[in-house]
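*Asks:* Give me a model of this one.
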Amino acid sequence: MRAAVVTSFDTPPTCQDFPTPTPRTPDAALVDVIAAGLHLRVRSQANGSHYTSSGELPLVPGIDGVGRASDGTLRYFYLPDTTMGAMAEKTVIDLRRSVVLPEDCDPVLVAAGMNPAMASWVALRRRIDFEPGQRVLVLGATGNSGRMAIQVAKHLGAAHLIAAGRSPERLATLTALGADTTVDLADVERLGEAAGDVDVVIDFLWGQPTADAMVAVLKNRTDRGRPLTWIEIGSIAGPTISLPSAALRSTRLQIVGSGQGSVPTHDMLAEFPTLATQISRGTFEIDARTVPLADVETAWKDTGSTQRLVITP
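*Replies:* Next up, the predicted model:
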């Protein structure tokens, strides 16, 4: 069969012949892959930088996708811990880590949307006690996962959504997705004033932008005893932050992480059916573009697109 194969963490995967995998457990099944999303998580898997990387090569990237099982069912599947990923003509899935999709759903839309939507969906549903009516700040809102987070938070009942990002052009598009206020990350003072009384922060940045934003937000709390939950999901701006200890002692701040490891697999699986249904219904705006498996190397180099890239065998 043909597959995207990573032979070095320093170079993009290439499409080449690869042995067809064989199911080895009763819960495993060979599926024909229909679509697999090229997410940031997949890129970090392929370059060995993700914190779950085992360093094992060669590997076929792709942590989720949509495929057709031998019984004819259309399934969304999740592959978080294998070197035989979704970017191939066929792959082996764990049926317990999959959900049957309706036949009339759009496989490309599901493959494009599930991973970026899961980041904020699981964070709000499983990592904290999010309540409708709360105020939310999304840091890194102009990225693909940030754009999904705006829609997810609004869908789950956020009363006011503040979106912060770097690109003025992309910020201008976020009100159509549900953002009530948009702020340029460079304007830290305005960010603090706008988000001083939020209840939840969904953070895809970390690094210095988060440190600056956190201090600004905490300084502008009108009620320092009001709980503020800061959910760290991504670290595209840096792996660490430096934070004054007084910032933690002077306000009721809780910092939690959300990701593979901090969210049990069974909790993530429990959210699959509802989220997949919402994506299939077109609840969220998802701008997806398909790329043939044969062109995976070219797709890998397309890092500036705002579209969700989906590999199709």
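
*Asks:* who does the strand ranked longest in the chain pair up with?
*Replies:* Looking across the chain with DSSP state E, the single longest strand is strand 28-37. In the sheet containing strand 28-37, its partner strands are strand 64-68 (antiparallel), strand 90-94 (antiparallel), strand 308-312 (antiparallel), by DSSP bridges.

*Asks:* Name the SS class of V296, please.
*Replies:* helix (DSSP: H, G, I helix; E, B strand; the rest coil).

*Asks:* Look at the closest residue to it other than its chain neighbours and tell me its secondary structure.
*Replies:* The shortest distance from V296 to any non-neighbouring residue, by Cβ to Cβ, 6 or more residues apart in numbering, is to A4 (4.3 Å). All C-beta spots, glycine's among them, are computed from the backbone N, C-alpha and C. Secondary structure assignment for A4 (three-state DSSP): strand.

*Asks:* Can you get me a residue count around A4?
*Replies:* The number of residues packed near A4 is 30, by other Cβ atoms under 10 Å.

*Asks:* what does S280 give?
*Replies:* Count around S280 with other Cβ under 10 Å applied: 18.

*Asks:* Identify the residues contacting it.
*Replies:* Taking Cβ atoms under 8 Å, 6 or more residues apart in numbering as the contact definition, S280 lies against L101, P102, D104, C105, D106, L109, V110.

*Asks:* Same question for V198.
*Replies:* R135, V136, L137, H160, I162, V217, L228.

*Asks:* Deepest in the core, which of the strands paired with strand 28-37 is it.
*Replies:* Highest mean neighbour count among these (mean count of other Cβ atoms under 10 Å): strand 64-68, with a mean of 26.

*Asks:* So for the spatially most central residue of the chain, what's the pLDDT?
*Replies:* The residue lying closest to the centre of the chain (Cα atoms, centre = their mean) is P116, at 2.9 Å. Looking at P116, its pLDDT reads 90.

*Asks:* That one - that's part of a strand, no?
*Replies:* No - counting by three-state DSSP, P116 is not found in a strand; it is helix.

*Asks:* Numbering from 2 from now on, please.
*Replies:* Sure, I'll start numbering at 2, so the last one becomes P117.
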